[in-house]
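> The following block contains a protein sequence and its predicted model.
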Amino acid sequence: MNSLLRIRTLAANTFREAIRNKLLYTLLGFGIVMIAAGVLLASLSYVEVDEILQDMGMAAIRFFSAGIAIFVGIGLIHNEVDRRTIFTILSKPVSRTEFLIGKWAGLTFTVWLQLVLMALAFAAVSGLAGAPLGAGHAVAIALIGFELMLLVAIATFFSAFTTPMLAALFSVGIWMIGHLSRDLRALGEQSELESVSRATNLVFQWMPDFEVFNKTLEAVHGLAIPSSEVWMAIVYAVGYTVCTLLIGSMIFGRRDFK
Amino acid sequence: MSTKWIRAIVLIVAIGCTGWAHSKLPLARPGDLDVEFVPSPRVASAASFGFKAILADFHWLKAVQAVGGDETVDAELARTLGKLIDVVTTLNPHVGHPYRFAAVWLTHDEELVREAIRLLERAVEYHPDDWRNYFYLGFDHFFYLAEYAEAAEALEIAMDLPGSPAYLPRLVARLKSEHADIDVAEVFLRELLRRTEDEEARARLQIALDEIEIEYKARLLDRARELYRERTGHDIRSVDDLVRPPDRVLARLPSPEPDGIPPSLSRGSVWQIDPDDGRIESSYLGSRYEVHYSDGDRKRLKVGREVGRTGESNQEAESVDG
């Protein structure tokens, strides 16, 4: 049994476990309700109605998908340790790295599946409301998928060595900083203190920049999304995910479960 | 009494108390975040955590609700609207209507109009093909600030964009005649006529050129009138006085109609003195060639210019003092 097969088996089990999680359905349900609620919000305006409807839909998709990725992801390893099932798994010829990657892959597949469901709800609401849909929407949603892939890696990373509570705090914090780092850098550049500018630049360079995956404005306003930006965002997501999982597996490899 | 009944009674009493207490609580408290609270665009951008579009929509809806309510849009509310639209267009500069919404509502004083212009300049940066933003920009310059050069510049761009109204070239020509001279307006119109192939558009431009031709003649009569005053010490009673002996200053009056029109289209026009402003005009046009304002708007602009001059002189005084 080769490594990929073992990872696939672990991923399939993680997927089965994740889809039994009630939190997943709660957040998915809320997400779909919020997408539909865009119709009400848009009705408050006399212009830009389609844009408001779709802004709301895209925001709901991004917010609730991130919630699922973080709050389902943080318990992944802790649950295995808590139930002592990790000893059974690791007593088999499965490395800790394979275990971690299997967990990440299973949850990533789960959040991608819920992303597809939310995207279908978004398309249905937009279609019923007569709001235009184009390739830009598909690209923007695909990039959310890559953002979620990275976010699951971060949640898995923290789940590998901390409690679910701390993992949740850290993951949410990283996600928020990841959306803030560009503004922080811009603010830092205007500071008279060089140390502030250097610190904010460091945050921008080392923390994940989740804004590279945010193409909501372009999609909703029908603006062109340069293919180079899309490909670079995908490369960035894959690269950052690999780094996060590698460091996570190194920490996880040294963890004592006793 | 059974426990079941006690529970039911407690539940009903609790529901009643909760509803009663809620109904007694005020809906709005002093210090609540109301429409007056508008974050700075930078803070709003940083606090959006990647949800700029939806935050922009939220502020836009606040602006719409503010003008749609019972409150009159006074200068204070207009200032708040300006801040709201600044936040909206900073978070999402690709929006379209909010820029023009600002142009419609930020009109109470020069500071507000300048803010609307700043927002419209952002609009043309993000929507360079939309004539409406240039139009509002030009309108704000010309109508509220009497800045004809800036107005003509903005409207000249608007008139070349698809969907722009057909009357824009004539308006631009009038604006040019206000800030430069009528010669500039004529050259502008002749150039437009040269590169326009559409017959309807050419006819409209020809009308504008006819207006300019009559204005040239009216200005000739103005100069003759001035000469008449110098010679006789009094003003003319009718335009014919200019050619009536013994004090005549012109050999004959120019035609009050465009020279190029065929006799069949002649309207039998005459030169006359406008009873309101005392200026010479042709009955063919019924007014002089200029940008028209209502009396109220003329007074408003005059006051604005005087305030502006006072402000400038105050600034000069301050700089001299400094």
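Thanks, I have it.
> Now do the same for the spatially most distant residue from the centre of chain A: its pLDDT.
Within chain A, A:Glu192 marks the point farthest from the mean C-alpha position, 35.2 Å out by CA atoms, centre = their mean. The model reports A:Glu192 with a pLDDT of 84.
> From chain B, how far off is it?
Using CB to the nearest CB, to the nearest Å, A:Glu192 is found at 17 Å from chain B. Just so you know, the C-beta spots here come from the backbone N, C-alpha and C atoms, and that holds for glycine as well.
> would you say that residue is within a helix?
No. A:Glu192: not assigned to a helix; according to DSSP: H, G, I helix; E, B strand; the rest coil it is coil.
> Return the residues in contact with it.
Taking CB atoms under 8 Å, 6 or more residues apart in numbering or on different chains, we find A:Glu192 in contact with no residue.
> Secondary structure class of the nearest residue to B:Tyr126 once chain neighbours are set aside, three-state.
In space, B:Tyr126 comes closest to B:Pro93 once its chain neighbours are excluded; the distance is 4.7 Å by CB to CB, 6 or more residues apart in numbering or on different chains. At B:Pro93 the chain is in coil, as set by three-state DSSP.
> tell me the pLDDT at whichever residue of the stretch 101-250 of chain B sits closest to chain A?
Residue nearest to chain A within the stretch 101-250 of chain B: B:Phe101 (8.1 Å; CB to the nearest CB). With respect to pLDDT, B:Phe101 has a value of 92.
> gap between it and B:Val67?
8 Å (CB to CB, to the nearest Å).
> more crowded one of those two?
Between B:Phe101 and B:Val67, B:Phe101 has the larger neighbour count (other CB atoms under 10 Å in any protein chain shown), namely 24 against 16.
> So which bits of the strand or helix carrying that one are buried?
Per DSSP states H and E, B:Phe101 falls inside helix B:97-105. Across helix B:97-105, burial judged by 16 or more other CB atoms under 10 Å in any protein chain shown covers B:97-103, B:105.
> ok, back up a step: return the distance of the residue farthest from the centre of chain A relative to B:Leu106.
34 Å.
> hang on, A:Gly127 packs against A:Leu133?
Yes. Counting by CB atoms under 8 Å, A:Gly127 does reach A:Leu133; the two are 6.9 Å apart.
> who has more neighbours, those two?
Neighbours per residue (other CB under 10 Å) separate A:Gly127 from A:Leu133, with A:Leu133 holding more: 14 against 11.
> dump the residue contacts of that one.
Here A:Leu133 is in contact with A:123, A:126-127 (CB under 8 Å, 6+ apart).
> Chain B: which of those is nearest?
Out of the contacts of A:Leu133, the member with the shortest distance to chain B (by CB to the nearest CB) is A:Ser126, at 14.6 Å.
> what are the phi and psi values for that closest one?
As for A:Ser126, its main-chain torsions (degrees, to the nearest 10) stand at phi -60, psi -40.
> B:Ile280 now?
Torsion angles, degrees, to the nearest 10, at B:Ile280: phi -80, psi 130.
> show me the contacts for B:Leu192.
B:169, B:205.
> doesn't it fall inside a strand?
No. Assessed with three-state DSSP, B:Leu192 is helix; it does not lie in a strand.
> What segments of chain B are helices?
In chain B, the helices defined using DSSP state H lie at B:3-24, B:41-47, B:52-68, B:75-91, B:97-105, B:110-126, B:131-139, B:148-159, B:168-179, B:182-195, B:199-232, B:295-321.
> how about low-confidence regions in the stretch 201-322 of chain B?
Along the stretch 201-322 of chain B, the model assigns pLDDT under 70 to residues B:293, B:303-322.
> Next, find the distance separating the residue minimising distance to the centre of chain A from chain B.
Against the mean C-alpha coordinate of chain A, by CA atoms, centre = their mean, the closest residue is A:Leu148 at 2.1 Å. Using CB to the nearest CB, we find A:Leu148 at a distance of 13 Å from chain B.
> Quick one: residues contacting that residue.
Applying CB under 8 Å, 6+ apart, we find A:Leu148 in contact with A:65-66, A:69, A:108, A:111-112, A:115.
> which SSE is it in?
Counting by DSSP H and E, A:Leu148 is found in helix A:135-159.
> centre of the chain versus that helix, how much separation?
Offset of helix A:135-159 from its chain centre (CA atoms, centre = their mean, to the nearest Å): 4 Å.
> Give me the buried positions along the helix or strand following it.
With elements assigned by DSSP H and E, the helix or strand that comes after helix A:135-159 is helix A:164-189. For helix A:164-189, a neighbour-count test (16+ other CB under 10 Å) marks A:164, A:167-168, A:170-172, A:174-175, A:177-185, A:187-188 as buried.
> From the centre of chain B, point out the most distant residue.
Residue farthest from the centre of chain B, counting by CA atoms, centre = their mean, is B:Met1 at 77.5 Å.
> Can you list the low-confidence ranges for chain A?
Chain A contains residues with pLDDT under 70 at A:1, A:258.
> need the residues of it near chain B, please.
With CB under 8 Å from any CB of the partner chain as the criterion, chain A meets chain B at residues A:41, A:44-48, A:51-52, A:55-56, A:58-59, A:62-63, A:176, A:178-180, A:183-184, A:187, A:210-211, A:214, A:216-217, A:220-221, A:223.
> can you rerun that using 6 Å?
Contacts of chain A with chain B, taken as CB under 6 Å from any CB of the partner chain, map to A:44-45, A:47-48, A:52, A:55, A:59, A:176, A:179, A:183, A:214, A:216-217, A:221.
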